[in-house]
Structure formats: C-alpha cells, structure tokens
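Participant: model the structure of this input:
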Amino acid sequence: MYKIFKWPARISLILFGIILLNSCNSGYSEKNGKAMFNGKEITDKSLVVLSNEFAKDSAAAYYKGRSFQYADVATFEAVDEHYAKDKNKVYYCDEYREGQNYYLTKKQQITELKDAMPTSFVSLNNGYGKDARHAWFCGKYFSVKDVATLKSIDINFAKDTLQAYLNGISIKGSDGKTFELIDHSFAKDNKHIYYYAFDGEEKYNICKLPCDPQTFKIIDYRFSKDTSKVFFLGFTIKDADASTFKVLQSGYSKDKNAIYFKEKKIPGVNPLAFEVFKENESFNQDVDYAKDNASVYVNDKKIPGADVATFKLLGQNYASDNKHVFYKTAIVKDAASASFTVYPHDFGNADAEGGAIKFHEGMKVLE
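Facilitator: Numbers count the residues shown, from 1 in each chain. Here you go, the predicted structure:
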C-alpha cells in the first residue's frame, strides 16, 4: 500500500533602480506603450516584455525580479510561465517563500536543464516539458517510454502511448493509450482502477485498487466498491459487505454486519443503536465521535468510563459527561466538568480551562 528547489545563489531584488516588493500588479506588462513591472514603470527603453514572468533588455534576461547569469540575451525567449530558453540552454523558473518572511517575500529560482536541447524543447503545460530525447516535470528530468507522444493531462498527470506518469514518476503497469482521469481521486485504464491523493508531503501518490473494473462504483471521493469489496481511499475494508454497505458521516460507515471507521472495523459496537455526533462537522477538532447504547467512541477507539446519556462534545478534541472531562479518549485530570470551558483557538498557552486551572491538549498548563 502506498503512503498516500532552492538555489543557493542570492541576488539583490533591485531591477533598474526599483526595489521589487510584493504587489497586486505582479509581473511584467505593457501599458500605453510603457513597460511595467509590479505596477511600476521601467524607464529602460531597451526592455522587452516577453510574458508576465519574463523580460529582457540589452544586457540581461529576467525572471520576475531575478536576472539570468549566463543567458544569451539575443535569442532568449519565454516558453511558458515557468520554462524559457535561448540558443544554448533551457531554464526552469519558479518562486518560493521561506522562513519568517514567508508571507512577505517571494524569492525566485532559476534552474538550467542539463542536456536539454533548446531547438526542440517545447512546453507541454502543467509543469511538463520535453525535447526530442528527454522529458521534465517542474524542471526535473524523468524517464519516459515514448517521448514523442508524451503529453500532459493536468497539473499532476502525463502520459505517452505506452505508460502514464504522476508528477514525473511512472505508474507501473499502466497503459498510456487508455489511461484517463475519472475525477479528482480516481483514474482508470483498460486493465485497472486507480486511487490517487495528496499524501501530506507536497506530492500525490497513486495505487491500483484490487477491484473488478467492470462492476466498480465510486461512492464518494473516499469510498468506492465493486460487487465483492469495499475500499476506503486505497485500502480494502476487510470483510465489508458491498451489497449493504452505506457511508455515514465523519468517516464512519456500516453494512448489515458491522460499523467501520475509515478502513477499520469497530469491534463490539451495536449497529442498531449506533449514531455519529453531528457536531463533528462544526467543531474544530482532529478526531470524530460516535456512540451506541453502551459506549462512546473516538474514531474507532472506545472511551473508557464515558457516560453515554450525558456525554457531549466541547470542541478542540475535548468532551465531557456528568463526571469527567475527556481529551480524545483520556480523562483530563483535575478538570471540573461543570465549569470546563474550551477556547475557539489556543489562547496564550492554553486551549481550555476549568475553574482556576488551564489546559493545553488535555494537560495542565504550568503558570
């Protein structure tokens, strides 16, 4: 199962005597015959605006606020919003933010594509580019089966006649000729159904679902099934009955035999009395709550000692009954249930308080 560029060089962000700051009028443009950058006129008469991102004058070529060190100015041209080339080289350009100035300062990086052939290089859009022999995704080389037929599908996928690719990585066993996206989470070719999703680490991953393509059905962006199996994301829900399977709220589901949270069966729950707390959808928390006639659950875990009749959600992963305050499945020690208050967000170094005691993530805050 799958787990679903910074250049060291620094240059001054001063161009033609103008300090480049973030602006609503970002990039190069021409207005009334005048060259503009970030809404300010550039007085250098030799400047040629090539696109919103690229320009050149008699001395240098530019990607937004950064100049190219070794570009051949006379032959320099923009290919798309990220790629540019001259008679000698192909370049990939992008912006990034970093550190304490993340929201204030954009920085530009310029990468030269090794062994790229400028005469045959073209943009495929969506970060993909190729020449007669090679292919790149976001400026990084990747190996393809048939570069001549390579084309992009969207900002993540590309394909040639033999294979499909996700972010420049080949999808093993895929058929490029028939590969297509079904929606924002599922894809298919003539042999397989695929589930793909953002893995939380700045990239997408993809897996084949062990399903029957002929009877496969999408339930929603997380759940799918065929006549014999049910899937959550890319996981098979073991022993789930496909014919009676039904999606509930907040990642919970059920069939005629059991209750499930995501891909896991919840042991010991009473399906006839099971219900999901509606407040899951409105409270700011990273866990979900449900109950039956005997127990309260956080995700797929039972809360020991919780009183079902008086149990209520407080938000920020806190809940209470008539005797205790809980943080997820744990009892919060020394918390007064009757007076316990949860803040909408962390307030100072605490997210809740009960009486004179403040708490953060279920633990006392030491003053």
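
Participant: can we go C-alpha only for contacts and neighbour counts from here?
Facilitator: Noted.

Participant: what's across from N205 in the sheet?
Facilitator: A197 (DSSP bridges).

Participant: just checking, it touches D199?
Facilitator: Yes. Judged on C-alpha atoms under 8 Å, N205 makes contact with D199 at a distance of 6.4 Å.

Participant: neighbour count: those two, which is higher?
Facilitator: The neighbour count for N205 versus D199, taken as other C-alpha atoms under 10 Å, is higher for N205 (17 against 13).

Participant: where does the protein dip in pLDDT?
Facilitator: 1-25, 99-104, 200-202, 346, 367 (pLDDT under 70).

Participant: domain ranges for it?
Facilitator: 5-112, 273-367 (automatic domain parsing).

Participant: burial count for the residue nearest to E95 when sequence neighbours are not counted?
Facilitator: Excluding its sequence neighbours, the residue lying closest to E95 (C-alpha to C-alpha, 6 or more residues apart in numbering) is Q108, at 4.4 Å. Other residues near Q108 come to 20 when the count uses other C-alpha under 10 Å.

Participant: which helices and strands sit right next to the helix or strand Q108 falls within?
Facilitator: Per DSSP states H and E, Q108 falls inside strand 107-112. Applying 3 or more C-alpha pairs under 8 Å, 6 or more residues apart in numbering; DSSP states H and E, we find strand 107-112 packed against strand 90-96.

Participant: mind listing what's buried along the strand it packs on?
Facilitator: 90-94 (16 or more other C-alpha atoms under 10 Å).

Participant: indicate which one of the domains of the chain is closest to K130.
Facilitator: domain 5-112 (10.3 Å; C-alpha to C-alpha).

Participant: let me have the domains of the chain in TSV, extended by distance to A164.
Facilitator: Output for the domains of the chain, formatted as TSV (distance: least, C-alpha to C-alpha, whole Å):
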stretch	distance to A164
domain 5-112	22
domain 273-367	35
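
Participant: looking at the ones you listed, which is nearest to T119?
Facilitator: Closest among the domains of the chain, using C-alpha to C-alpha: domain 5-112, at 7.2 Å.

Participant: quick one on the thing from earlier: each with direction, which strands does the strand holding Q108 pair with?
Facilitator: strand 90-96 (antiparallel).

Participant: can I get the strand it pairs with in CSV, CA atoms only?
Facilitator: The C-alpha trace of strand 90-96 is given here as CSV (Å, rounded to 0.1, in the frame of the first residue of the first chain):
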residue,chain,number,x,y,z
VAL,A,90,16.7,25.7,-21.4
TYR,A,91,15.7,27.0,-18.0
TYR,A,92,13.0,26.2,-15.4
CYS,A,93,12.0,29.1,-13.2
ASP,A,94,9.8,29.3,-10.1
GLU,A,95,9.0,31.3,-7.0
TYR,A,96,9.2,30.1,-3.3
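
Participant: what does that strand rub up against?
Facilitator: Strand 90-96 has contacts (C-alpha atoms under 8 Å, 6 or more residues apart in numbering) with 6, 63, 82-85, 106-113, 116-118, 121, 138-139.

Participant: recalculate using a threshold of 6 Å.
Facilitator: 82-85, 106-113, 118, 139 (C-alpha atoms under 6 Å, 6 or more residues apart in numbering).

Participant: tell me, how many residues neighbour I182?
Facilitator: I182: 14 neighbours (other C-alpha under 10 Å).

Participant: count of neighbours near the closest residue to it other than its chain neighbours?
Facilitator: Closest residue to I182 apart from its sequence neighbours, by C-alpha to C-alpha, 6+ apart: K188 at 6.8 Å. Residues within reach of K188, counting by other C-alpha under 10 Å, total 19.

Participant: need the distance between the two termini of stretch 338-354.
Facilitator: 8 Å (C-alpha to C-alpha, to the nearest Å).

Participant: let's have the chain start at 7 instead
Facilitator: Right, with 7 as the first residue, what we last looked at is stretch 344-360.

Participant: for the residue nearest the centre of the chain, which residues are in contact?
Facilitator: For the chain, the residue nearest the mean C-alpha position is F204 (4.6 Å; C-alpha atoms, centre = their mean). Neighbouring residues of F204 by C-alpha under 6 Å, 6+ apart: Y210.

Participant: give me the element the residue of the chain most remote from its centre is part of.
Facilitator: Counting by C-alpha atoms, centre = their mean, the extreme residue of the chain relative to its mean C-alpha position is K51, 42.8 Å from that point. Under DSSP H and E, no helix or strand contains K51.
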